[in-house]
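1. Sharing a sequence plus its predicted fold:
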Amino acid sequence: MARSRIAPAAAFPMRLVQVSQFNYRNLRLSVRWLLRSRESTNYTYNLTPLNHEHLAWFISSVSGRPVTEIRGYIEEIKTDTELHEHIRRATERSARRGIADTEFRPGRRIGWYALARALRPHHVVETGTDKGLGACILAAAMLRNGVGRVTTIDVNPDSGYLVSGSYASAVDHLIGDSANLLGQVGPVGMFIHDSLHTYEHEMAEFRAVAPHLSPDGPVLSDHARWSGALSDWAQSTGRQFLFFCEEPSDIWHPGNGIGVAFPARHA
Ligand SMILES: C[S@@+](CC[C@H](N)C(=O)[O-])C[C@H]1O[C@@H](n2cnc3c(N)ncnc32)[C@H](O)[C@@H]1O
């Protein structure tokens, strides 16, 4: 049958079912999201349980810490009701509540948290604050560590409305262009690019932060799914590069990921 001329036509119904099942799931998620979510940018979502497990192994490889320890950090933030409640209340209070969701859906930022807990950096710098979800999550890690501060940088003076209460005590929020301000932030123990997602700007940030970075400090990019800037930078500086791909459980969006350049000794 497979050799006959009618084979493609005979297989067509089965292929149609396969592609329809895939698209039906995405259509169902799309309709649910359109009706339930208020977000129009920087979407938040949860990851599948298996994706959390893959994230634990990814962070374990990058940090050199046992996977059992990393699973503990992931569980810690998933069950941090104080943080979840803070995000809900701060969103409800904000002027942007009509275009933001109140539920805590951190996606890949769980990996940022676990890495900050595992490595206990003295100073984490995040470019691109937006609402401040990443900054709050990183601040929660610093508060649990009992040491360290977060600097978050954004061009938008209205950014960072979630950064309040005890979380604000661990965060310095700078307003301005990240590539210009990175020269002023002092020693950096962990860096996250999440601002203007062009190859040139991303590379300008890596070059600006490099002289201030601890020799063992990881450099993360929130744009590595779509850009080779971080892997190029890793190669030019003799670092390892790895990428974790998100698998969202509750949204039509294909997800983002975590690119990380880290010292070769952890490989
Ligand atoms: C994807 S959002 C950041 C999301 C945030 N890190 C989080 O965890 O939700 C990107 C942010 O980068 C900011 N941005 C754009 N260009 C920038 C620049 N040149 N310097 C600093 N921030 C910039 C935007 O205003 C926007 O708030």
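-> Noted; the coordinates are in hand. Numbering: from 1, shown residues only.

2. can we go C-alpha only for contacts and neighbour counts from here?
-> Noted.

3. secondary structure class for residue 4?
-> Classification of residue 4 using DSSP: H, G, I helix; E, B strand; the rest coil returns coil.

4. what about it, distance to residue 14?
-> 17 Å (CA to CA, to the nearest Å).

5. Who has more neighbours out of the two?
-> Neighbour totals were compared for residue 4 and residue 14, and residue 14 leads with 11 against 8 (other CA atoms under 10 Å).

6. Which helix or strand contains that one?
-> For residue 14, the enclosing helix or strand under DSSP states H and E is helix 7-36.

7. now that helix: mean pLDDT?
-> Taken as a whole, helix 7-36 has a mean pLDDT of 95.

8. do stretch 171-185 as well
-> Mean pLDDT, stretch 171-185: 97.

9. which of the residues in that stretch are buried?
-> Neighbour-count burial for stretch 171-185, counted by 16 or more other CA atoms under 10 Å, picks out 171, 173-175, 177-179, 181-183, 185.

10. Endpoint to endpoint, that stretch covers what distance?
-> One end of stretch 171-185 to the other measures 12 Å (CA to CA).

11. Could I get the contacting residues of residue 52?
-> By CA atoms under 8 Å, 6 or more residues apart in numbering, the contact set of residue 52 is residue 74.

12. about what we covered before: what's the farthest-apart pair in the buried residues of stretch 171-185?
-> Maximum pairwise distance among those (CA to CA): 19.0 Å, between 171 and 179.

13. This protein: strands as residue ranges?
-> Listed in chain order, the strands of the chain (DSSP state E) span residues 123-127, 149-154, 171-175, 190-193, 219-221, 240-245, 257-262.

14. which parts of the stretch 51-200 of the chain sit against the ligand?
-> Listed as neighbours of the ligand in the stretch 51-200 of the chain under the rule CA under 6 Å from any ligand atom: 127-130, 132-134, 153-156, 176-178, 194-196.

15. measure residue 99 to the ligand for me?
-> Going from residue 99 to the ligand by CA to the nearest ligand atom, to the nearest Å gives 14 Å.

16. So which of the residues of the stretch 51-200 of the chain next to the ligand are in helices?
-> Taking DSSP state H as the definition of helices, those contribute 133-134, 178.

17. quick one, what contacts residue 191?
-> By CA under 8 Å, 6+ apart, the residues touching residue 191 are 124-126, 209, 217-220.

18. Just tell me which of the strands of the chain ends up closest to residue 56.
-> Using CA to CA, the strands of the chain put strand 240-245 closest to residue 56, at 10.2 Å.

19. got a list of contacts for the closest one?
-> Taking contacts as CA under 8 Å, 6+ apart, the residues outside strand 240-245 that touch it are 55, 58, 224-225, 230-231, 234-235, 255-264, 267.

20. Quick one: buried ones out of those residues?
-> Among the contacts of strand 240-245, the ones that count as buried by 16+ other CA under 10 Å are 55, 58, 224-225, 230-231, 234, 255-263.

21. Brilliant, that's me finished.
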